[in-house]
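Engineer: Need a 3D model of the sequence below.
(one chain, ligands or ions: 2)
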Amino acid sequence: MDPVRPAVASQPTSPELSIVVPTFKESANVPRLVELLDAALVGLAWEVIFVDDDSPDGTSTVAKKIAARDPRVRCIRRVGRRGLAGACIEGMLSSAAPVVAVMDADLQHDETILPKMYAAIRDGADLAVGSRYVEGGSSNQGLSSIRQWGSETATALARRFLHIELSDPMSGFFMIRRSRIEAIASSLSSEGFKILLDIVASSPERLKTAEIPFTFRERTAGESKLDSLVTAEYLGLLFSKLSGGLVPVRFLMFLAVGASGIVVHLAALKMALHVFQTTFTWGELSASVVAMTWNFVLNNQLTYRDRRLTGFRFVWGLVTFYLVCSLGTIANMGVATGLFEMETGPWIAGFAGAVMSAVFNYTVSAVLTWRK
Ligand code: GDD
Ligand code: MN
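Structural biologist: Ligands and ions are numbered 1, 2, ... in the order given. Below is the predicted model of the structure:
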């Protein structure tokens, strides 16, 4: 058993700055990061909050071991959840300090600019961003050329469509007044990687922003978790914000999966008719089952990867999903035939029917199949 230490009479001062560090499989980087922060932040009352998604490599155990002897170190261990943005939000909301920062655990972010970021906020800025793309910053050490291109394209899209002026809205390294986060917490998306972009796009007033250059270092231990799915989620976030948050990112993922399901459906139908020589009705029925199964597996893998169903719950989820889709088809038919009879023409009627079933399937499966 861990020894329980006697209560200390004089408590340490409350932190002026909380540094939130999302972690997934970073056990090798955590101790070094704490040392670097200690060296970079002399004279400031700071704390670091690791937000770990139950990493299998024991990152939270490592962090808590340090926390047990250093009161400036805290760790939130989240179970049954995954996601960078969500982890950052949760960490920031767990802070009581006037200023919060977010930085990666993998030592790619240069901790020595933290005092400059803090000074910018003390001098009146709401937000200080560690930027790779202002004079003096760079990223060619830490990013492959394809990622560099992706990062630049994503930046250009954000500028064009969201009118974001930041030179590096994709940065995962920033500091902000906590009051600004508290005010918009409920409108932030917990999916994806683009937390900074989301904060800027969700803030009702313009945030007074300072950009501080830094060089994105190479990762030495562990590996990057940014994959093509993260990119898809980013595009989703962009559309979601464009619609004023009306269309959730998840729904867009659900739609994309549904679109792939149509292709699968047609391929299965063709196979049933030509290979198995079924009647059209049987072909259509079996193609529907194949497509529904496809959609279920993909949604379970991607759209709801944070609530992924396994084992018996997977089977039960599939059954409920079949049920939801069947009801969705009835809703589709209802709307489409209704409109068709009002002489809107077959295309509008068909389109409205498809929209109806997509919305229906999405909303009902969210509560029935993948309920929280
Ligand atoms: N809690 C939690 N949950 N943390 C996560 C998760 C997750 O699901 N996924 C990643 N992290 C943590 C990592 O452990 C790391 O500390 C940090 O988030 C960044 O993850 P990386 O996997 O190292 O991301 P990257 O280096 O590819 O991307 C970085 O650079 C991008 C710009 O090119 C990040 O800073 C991005 O935010 C940034 O946009
Ligand atoms: Mn990284």
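Engineer: switch to C-alpha atoms for all contacts and neighbour counts from now on
Structural biologist: Will do.
Engineer: Wasn't Gln301 part of a strand?
Structural biologist: No: counting by DSSP: H, G, I helix; E, B strand; the rest coil, Gln301 falls outside a strand, being helix.
Engineer: So what's the residue count around it?
Structural biologist: Gln301: 14 surrounding residues under other CA atoms under 10 Å.
Engineer: List the residues that contact it.
Structural biologist: By CA atoms under 8 Å, 6 or more residues apart in numbering, the contact list for Gln301 reads Arg308.
Engineer: Backbone dihedrals for Val21, both of them.
Structural biologist: Taking degrees, to the nearest 10, you get phi -120, psi 110 for the backbone angles of Val21.
Engineer: Get me the contact residues on the stretch 51-200 of the chain for ligand 1.
Structural biologist: 51-53, 82-84, 87, 104-106, 151, 170-172, 193 (CA under 6 Å from any ligand atom).
Engineer: again, 8 Å this time
Structural biologist: 51-53, 78, 81-88, 103-106, 108-109, 142-143, 147-148, 151, 170-173, 193-195 (CA under 8 Å from any ligand atom).
Engineer: Looking at those, which are in strands?
Structural biologist: Val51, Asp52 (DSSP state E).
Engineer: Of the residues of the stretch 51-200 of the chain next to ligand 1, grab the buried ones for PyMOL.
Structural biologist: Buried subset of those, written as a PyMOL selection, criterion 16 or more other CA atoms under 10 Å:
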select buried, resi 51+52+53+82+83+84+85+86+87+88+103+104+105+106+108+109+142+143+151+170+171+172+173+193+194+195
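Engineer: quick one: low-confidence ranges for the stretch 151-300 of the chain?
Structural biologist: Residue ranges of the stretch 151-300 of the chain with pLDDT under 70: 160-163, 192, 226-232, 245.
Engineer: How about Ile199, nearest residue that isn't a chain neighbour?
Structural biologist: Distances taken as CA to CA, 6 or more residues apart in numbering place Leu188 nearest to Ile199, at 6.9 Å, with adjacent residues excluded.
Engineer: can you pull the contacts of the one you found?
Structural biologist: Contacts of Leu188 (CA under 8 Å, 6+ apart): Ile195, Asp198, Ile199, Ser202.
Engineer: now with 10 Å?
Structural biologist: If a contact means CA atoms under 10 Å, 6 or more residues apart in numbering, then Leu188 has Ala85, Gly86, Ile89, Ile181, Ile195, Leu196, Asp198, Ile199, Ala201, Ser202, Ser203, Gly245 as its contacts.
Engineer: on that earlier part again, so of the residues of the stretch 51-200 of the chain next to ligand 1, which ones are in helices?
Structural biologist: Leu84, Ala85, Gly86, Ala87, Cys88, Arg147, Gln148, Ser151, Ile195 (DSSP state H).
Engineer: Which residue in these has the weakest pLDDT?
Structural biologist: Lowest-confidence member of these: Arg147, scoring 69 (pLDDT).
Engineer: count of neighbours near Pro346?
Structural biologist: 14.
Engineer: Correction: the previous question concerned Pro169.
Structural biologist: 28.
Engineer: Now do the contacts for the residue lying closest to it once chain neighbours are set aside.
Structural biologist: The spatial neighbour of Pro169 that comes closest, neighbours along the chain excluded (CA to CA, 6+ apart), is Leu197 at 5.4 Å. Counting by CA under 10 Å, 6+ apart, Leu197 makes contact with 155, 158, 162, 164, 166, 168-172, 234, 237-238, 241.
Engineer: Now the phi/psi pair for Leu197, please.
Structural biologist: According to degrees, to the nearest 10, Leu197 has phi -60, psi -40.
Engineer: and if you look at Glu205?
Structural biologist: The phi/psi pair for Glu205 (degrees, to the nearest 10) is phi -110, psi 160.
Engineer: what sits against it?
Structural biologist: Arg180.
Engineer: quick one: buried residues of stretch 319-330?
Structural biologist: Neighbour count says stretch 319-330 has Thr320, Phe321, Tyr322, Leu323, Val324, Cys325, Ser326, Leu327, Gly328, Thr329 buried, by 16+ other CA under 10 Å.
Engineer: Doesn't the second one lie inside a helix?
Structural biologist: To tie it back to what came earlier, the one meant is Phe321. Yes: assigned with three-state DSSP, Phe321 falls within a helix.
Engineer: Run a quick neighbour tally on the nearest residue to Trp370 once chain neighbours are set aside.
Structural biologist: Using CA to CA, 6+ apart and skipping the chain neighbours, the partner closest in space to Trp370 is Arg307 (6.7 Å). For Arg307, the neighbour count with other CA under 10 Å is 16.
Engineer: now Ser179
Structural biologist: 16.
Engineer: Run a quick check on it versus Val99, I expect a contact.
Structural biologist: Yes: the pair Ser179 / Val99 is scored as a contact, 8.3 Å apart, by CA atoms under 10 Å.
Engineer: Quickly list what's touching both of these two.
Structural biologist: Asp126.
Engineer: Just the helices from the stretch 151-300 of the chain, written as ranges.
Structural biologist: Using DSSP state H, counting those that start in this stretch, the helices of the stretch 151-300 of the chain run over residues 178-184, 195-202, 228-242, 249-274, 280-298.
Engineer: Any chance of TSV for those, columns distance to Pro346?
Structural biologist: Below are the helices of the stretch 151-300 of the chain laid out as TSV (distance: least, CA to CA, whole Å):
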stretch	distance to Pro346
helix 178-184	43
helix 195-202	39
helix 228-242	28
helix 249-274	19
helix 280-298	20
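Engineer: Tell me which of the ones you listed sits most buried.
Structural biologist: Using mean count of other CA atoms under 10 Å, the stretch among the helices of the stretch 151-300 of the chain with the largest mean neighbour count is helix 195-202, at a mean of 22.
Engineer: before we move on, back to that, quick check, nearest of the contacts of Leu197 to Arg371?
Structural biologist: The nearest member of the contacts of Leu197 to Arg371, counting by CA to CA, is Leu237 at 21.7 Å.
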